[in-house]
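Chemist: fold the stuff below for me.
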Amino acid sequence: MSRWLCLLLLVCASAHAAPDATTSDDTMARFLHEKSLLLQFEEMRSNVAGRTSDLVVTAMGFLGVPYRRGGNSAETGFDCSGFVRAMYEQTVGLILPRKASQQATATEVIDKKDLQPGDLVFFNTMRRAFSHVGIYVGDGKFIHSPRSGSEVRVEDMRQAYWQRRFDGARRVTPDALAQQ
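Modeler: You can find the predicted model right below:
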């Protein structure tokens, strides 16, 4: 039997055997329960943070790879959504949809001020919403595969060009992808 189940049975048995017990037993049970939840949360947060860091570091390793429309590998080149898809598949193990607009639909909307490294940033570069995507790397910058004749690079979202075309920020979560 798991140690948490044994502990829970012990607490319940103590409470049942001594109905006049002080609230310290209840306080202790709540404390143990909250500590367990906090430990689980910290473990999950650490795991996600580690994978996000790996994602950004991996993406930076592809700086200079040429743009190729429809491309989704370093050998053939990347387009914007192919780059994002490859990075998430290689480092996090999540498979995103192929097109930038589909990636926007399949991910969780977040506010620009809440961006964290590894989040997705979307732009309207072809007179249609969510026509371009990149990966936020922090400090107002993102990495992406911009256009024909160019290569994977880091740019500042605060530049006027990107500010005018910003379409929104999204966070990749397994739950959001599962709903697709």
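Chemist: ok, the nearest residue to residue 133 once chain neighbours are set aside - how many residues close by?
Modeler: In space, and not counting its chain neighbours, residue 133 is closest to residue 100: 4.1 Å by Cβ to Cβ, 6 or more residues apart in numbering. Every C-beta, even on glycine, is put in place using the N, C-alpha and C of the backbone. Counted with other Cβ atoms under 10 Å, residues neighbouring residue 100 total 28.
Chemist: and residue 107, by the same measure?
Modeler: 23.
Chemist: got it, and the one 5 residues further on?
Modeler: The number of residues packed around residue 112, counting by other Cβ under 10 Å, is 13.
Chemist: do residue 27 as well
Modeler: 10.
Chemist: what ranges does this protein have for its helices?
Modeler: 3-17, 23-60, 80-91, 100-105, 160-165, 174-178 (DSSP state H).
Chemist: just checking, what packs against the fourth one?
Modeler: Taking 3 or more Cβ pairs under 8 Å, 6 or more residues apart in numbering; DSSP states H and E as contact, the helices and strands that helix 100-105 lies on are helix 80-91, strand 120-123, strand 132-138, strand 166-171.
Chemist: which residues does that helix contact?
Modeler: 80-81, 84-85, 96-97, 120, 122, 128-133, 167-168, 170, 180 (Cβ atoms under 8 Å, 6 or more residues apart in numbering).
Chemist: low-confidence ranges in this protein?
Modeler: 1-25, 28-52, 176-180 (pLDDT under 70).
Chemist: same thing but 90
Modeler: Counting by pLDDT under 90, the chain contains low-confidence ranges at 1-54, 92-93, 173-180.
Chemist: noted, bye for now.
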